[in-house]
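S.K.: Provide a 3D model corresponding to the input given below.
(2 chains)
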Amino acid sequence: MNEETNKKEISAIKGTKDILPQEARYWQVAEATARQIFELYGYRELRAPVIEPTELFEKGTGASSDIVTKEMYTFVDKGGRSITLRPEYTPSVVRAIIEHRLDLQPQPLRFYYIGPMFRYDKPQKGRYRQFHQIDIEVFGEKDPAVDAEIVEMAHHLLKKLGVEKVETLVNSVGCKKCRPAYGQALRQAARAVKDRLCPDCQRKAEINPLRIFDCKVETCREAAATFPLITEYLCEECRTHFEQFRSYLDFYGINYRIDPTLVRGLDYYTKTAFEIVTEHLGAQNAICGGGRYDDMVKEFGGPDLCGIGFAMGVERLLSVARITTPKESFVYIAYLGEEAKKKSLATAREWRQKGVECLVEFKDRNMKAHFSRANKIGADWVLIIGENELARGLFQLKDMNNSQQYEGTNEELLKIVKQKGKQDAST
RNA sequence: GUGAGUGUAGCUCAAGGGUUAGAGCACCGGACUGUGGAUCCGGUGGUUGGGGGUUCGAAUCCCCUCACUCACCCCA
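M.R.: Model (predicted):
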């Protein structure tokens, strides 16, 4: 290490951040709520490793995708294997299904998972290099009713977390049968007007003409308006699937907008694609994205098992959620003198075993300092153990919220604290 | 990877070439030796992101670099 790096303070890696206790409370609520709701729909947690063989994503996510070509955290381990920190979760689930022959279990299979993902992107609002996703997948269910059900489930979760003013975008990206014809028609149309496109779009015309739809340049928009839409090219099966998907959304009363230019970034989607966006997130406005991937398991050499799922970005979710965190309540034990200190430790131990949060601080303080400290750190109760208390076998307990003070035995005071805690929980 | 903006105390911000870089909040202590919040007083805390240059003199001007923020590409 040279002198310069030595001087530099060590800080969190670019695009990563610490979640401090106050903020972690919100994460805990969001995660617990997601688990609770997914379980209501019959989903079960499946935890896969954070690191996977690099080829899993090259095959699954797609060798030509942006994620694989420029955003993966890849390294060679001591055994010479190429390892990648997962940039998304779906390929891991597919691998686990094949590896453990989960396809032999009664279908459909429903899984969820919450955890960190890694992409070497340039960080900006709502985008980090280590970010977190809430991910669900369903395997072995072809019925478009399930497509609508996961959208409904996503809305259920968003509503529960107080997320408002979201818009749901839906599309069908077709399948192996109908998508190539559309791609050809689109490319042809793009080439025909190439000289009217901005330099960026001229490049897109060859690589990914669908992206031209997103361009903000006026001439490009005019040109794109004349391009064919995927909806006009869907085969019979995909069109029917899309129609039924939408009719189930109508059945659930979910408002949506058909966006024929919605493609999603990943190569593997078939038929249904959807996104839930919000206006409060800046450029990265998608809080949830998902779709169907009916060919992926088979392409991995597994059984012919269709799949569908979505991923929610936890950071983005939390930035628009309105979460109330549970009230915390704890007892600060104020002791005076060495003998009382020992008594405090024993009392704290006993009360904790009975489910009451207690704090004893190992610093000699006078009574005023004890109370000042207890107030500062937000204690709801102060239990006083001093010489008088030791002599009489009766402690003092003060309710910091209303200044009421009680005198009583260990058991009596414990009962008061637990009783009040119950009242708070029920209101 | 490209572009723009911003970097001064833990946080929010002053000082815009001229003594020793300040304030509020926060933190610690005292006024107040068995009862918190208020008030008053005091204290800790900075190589002004880092390096180089111009200058008698740089937080201030110039160059480089790093970090953060936002945007592009793309995505959660």
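
S.K.: what about A:Tyr293, how many residues close to it?
M.R.: Other residues within reach of A:Tyr293, judged by other CB atoms under 10 Å, total 25. Heads up, the C-betas are built off the backbone N, CA and C, glycines and all.

S.K.: Spit out the contact partners of it.
M.R.: The neighbours of A:Tyr293, taking CB atoms under 8 Å, 6 or more residues apart in numbering as the test, are A:90, A:268-270, A:306-309.

S.K.: Among these, name the ones in helices.
M.R.: With helices identified by DSSP state H, the entries of those that belong to them are A:Thr90.

S.K.: Switch the contacts of A:Tyr293 over to TSV; also include neighbour count.
M.R.: Supplementary listing: those in TSV, determined by neighbours: other CB atoms under 10 Å:
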residue	neighbour count
A:Thr90	22
A:Tyr268	21
A:Tyr269	25
A:Thr270	24
A:Cys306	22
A:Gly307	24
A:Ile308	26
A:Gly309	20
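
S.K.: Residue ranges in the stretch 151-300 of chain A under the pLDDT threshold?
M.R.: A:264-267 (pLDDT under 70).

S.K.: Around RNA strand B, pick out the residues from it.
M.R.: Contacts of the stretch 151-300 of chain A with RNA strand B, taken as CB under 7 Å from any atom of the strand, map to A:200, A:204, A:208, A:211, A:214-215, A:263-266, A:275, A:282-289.

S.K.: Would you list the buried entries among these?
M.R.: Buried residues within these, defined by neighbour count using 16 or more other CB atoms under 10 Å: A:204, A:208, A:211, A:215, A:263-264, A:266, A:275, A:285-289.

S.K.: out of the residues of the stretch 151-300 of chain A next to RNA strand B, which are inside helices?
M.R.: With helices defined by DSSP H, the entries of these inside them are A:200, A:204.

S.K.: Just the strands from the stretch 251-400 of chain A, written as ranges.
M.R.: For the stretch 251-400 of chain A, applying DSSP state E, counting those that start in this stretch gives strands covering A:257-258, A:270-278, A:286-292, A:307-313, A:331-335, A:358-359, A:381-385, A:395-399.

S.K.: Any chance of those in a markdown table with distance to A:Tyr248 as columns?
M.R.: Listed next are those as a markdown table, based on distance: least, CB to CB, whole Å:
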| stretch | distance to A:Tyr248 |
| --- | --- |
| strand A:257-258 | 14 |
| strand A:270-278 | 11 |
| strand A:286-292 | 14 |
| strand A:307-313 | 13 |
| strand A:331-335 | 52 |
| strand A:358-359 | 52 |
| strand A:381-385 | 53 |
| strand A:395-399 | 54 |
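
S.K.: Averaged pLDDT, stretch A:370-381. What do you get?
M.R.: Regarding stretch A:370-381, the rounded mean pLDDT is 90.

S.K.: Now do it: distance from first to last residue.
M.R.: From its first residue to its last, stretch A:370-381 covers 12 Å (CA to CA, to the nearest Å).

S.K.: repeat for stretch A:368-386
M.R.: Counting by CA to CA, you get 13 Å between the two ends of stretch A:368-386.

S.K.: Near the residue of the stretch 301-427 of chain A found nearest RNA strand B, how many other residues are there?
M.R.: For the stretch 301-427 of chain A, the residue positioned closest to RNA strand B under CB to the nearest atom of the strand is A:Gly313, at a distance of 2.5 Å. For A:Gly313, the tally of surrounding residues (other CB under 10 Å) stands at 22.

S.K.: is any part of the helix or strand hosting A:Gln36 close to RNA strand B?
M.R.: Using DSSP states H and E, A:Gln36 sits in helix A:21-40. No - counting by CB under 7 Å from any atom of the strand, RNA strand B has no neighbours in helix A:21-40; the shortest distance is 12.9 Å.

S.K.: The residue of the stretch 301-427 of chain A closest to RNA strand B pairs with what?
M.R.: Taking DSSP bridges as the rule, A:Gly313 bridges to A:Gln133.

S.K.: Contact partners for A:Leu210?
M.R.: Under the criterion of CB under 8 Å, 6+ apart, the contact list for A:Leu210 reads A:186, A:261, A:263.

S.K.: Next to RNA strand B, which bits of the stretch 301-427 of chain A? Give me the list.
M.R.: When proximity is defined as CB under 7 Å from any atom of the strand, the stretch 301-427 of chain A approaches RNA strand B at A:311-313, A:315-316, A:336, A:366-369, A:371-376, A:382, A:384, A:386-389, A:396, A:398, A:400-401, A:403, A:405.

S.K.: are any of the residues you listed buried, and which?
M.R.: If you count burial by 16+ other CB under 10 Å, the buried members of those come out as A:311-313, A:315-316, A:336, A:371, A:373-374, A:382, A:384, A:386, A:389, A:396, A:398, A:400.

S.K.: What ranges does the stretch 101-250 of chain A have for its strands?
M.R.: With DSSP E, counting those that start in this stretch applied, the stretch 101-250 of chain A shows strands at A:109-118, A:130-139, A:166-172, listed in chain order.

S.K.: Reformat those as TSV; add mean neighbour count.
M.R.: Below are the strands of the stretch 101-250 of chain A laid out as TSV (neighbours: other CB under 10 Å):
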stretch	mean neighbour count
strand A:109-118	20
strand A:130-139	23
strand A:166-172	21
